[in-house]
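> just a sequence and a predicted model for now, questions to come.
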Amino acid sequence: MAAINFSFDAVPPPEKPGVSRPHGSGGDGLDLELIELLFFAYRDFVGEPDHILEAIGYGRAHHRVVYFVMRNPGLRVSDLLDILQITKQSLSRVLKQVIDEGYIEQRPGPVDRRERLLYATPKGEQLASDLSARQHVRLTRALAPLPEGSRAIVRDFLANMIDARDPGAPAVTED
């Protein structure tokens, strides 16, 4: 099981449990509507890839490893740990599976041969591409009815939700 690292320093806990209110407001000022929409959006965003991964005996951790290695050829194992924020033990199990089954290959570093650099194999690139294509369809469908320029607003919204101080946080580029 993957370790999950939580940091609650920035958000104080509510004084009382939120109560569902129309238009999203909890009794304590929480925007429960947006919180709930994010839960369901994430569930559906990962749902189809989850079913595909399940068919090959994989889960979300495998998806993330293959995805980030595909996006960052030559990624160091230590950098992947920073991105995923999981324990070495959790990554080791998942990484061993994707390497043994031919989705990822591990090469020594060109300068420091002890360094382990990760590359997606053609099989890994195909898997990552297939999963991302399904997610792309969902994003495209969600953005389609929105006004021109909405993609940048959605990108900025999502980027603002990420703790940019975390190692491995993506750099957001302009459209």
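In hand now; what should we look at?
> what values do phi and psi take at residue 31?
phi -90, psi 80 (degrees, to the nearest 10).
> I should have written residue 147 there, sorry.
Dihedral pair for residue 147: phi -60, psi 160, per degrees, to the nearest 10.
> roughly how far apart are residue 140 and residue 130?
16 Å (CB to CB, to the nearest Å). From N, CA and C alone the C-beta is placed, and that goes for glycine too.
> which residues of the chain fall in helices?
Ranges of helices within the chain are 32-55, 60-71, 77-84, 88-100, 122-143, 150-161, based on DSSP state H.
> residue 108 is nearest to which of these?
Of all these, helix 77-84 sits nearest to residue 108, with 11.6 Å by CB to CB.
> list the buried residues in the closest one.
By neighbour count on 16 or more other CB atoms under 10 Å, the buried set for helix 77-84 is 77, 79, 80, 81, 83, 84.
> tell me the angle of it relative to helix 60-71?
Counting by axes from the mean of the first three to the mean of the last three CA atoms, to 10 degrees, helix 77-84 lies at 120 degrees to helix 60-71.
> center of this protein - which residue?
Closest to where the C-alpha atoms of the chain average out (CA atoms, centre = their mean) is residue 64, at 6.0 Å.
> show me what stretch 139-149 is in contact with.
Stretch 139-149 has contacts (CB atoms under 8 Å, 6 or more residues apart in numbering) with 150, 151, 154.
> nearest to residue 122 among the residues you listed?
residue 151 (30.1 Å).
> just give the nearest non-adjacent residue to the closest one, would you?
Spatial nearest neighbour of residue 151, chain neighbours left out: residue 143 (5.6 Å); criterion: CB to CB, 6 or more residues apart in numbering.
> what's around that neighbour, how many residues?
Residues near residue 143, counting by other CB atoms under 10 Å, number 11.
> equivalent analysis for residue 65, please.
28.
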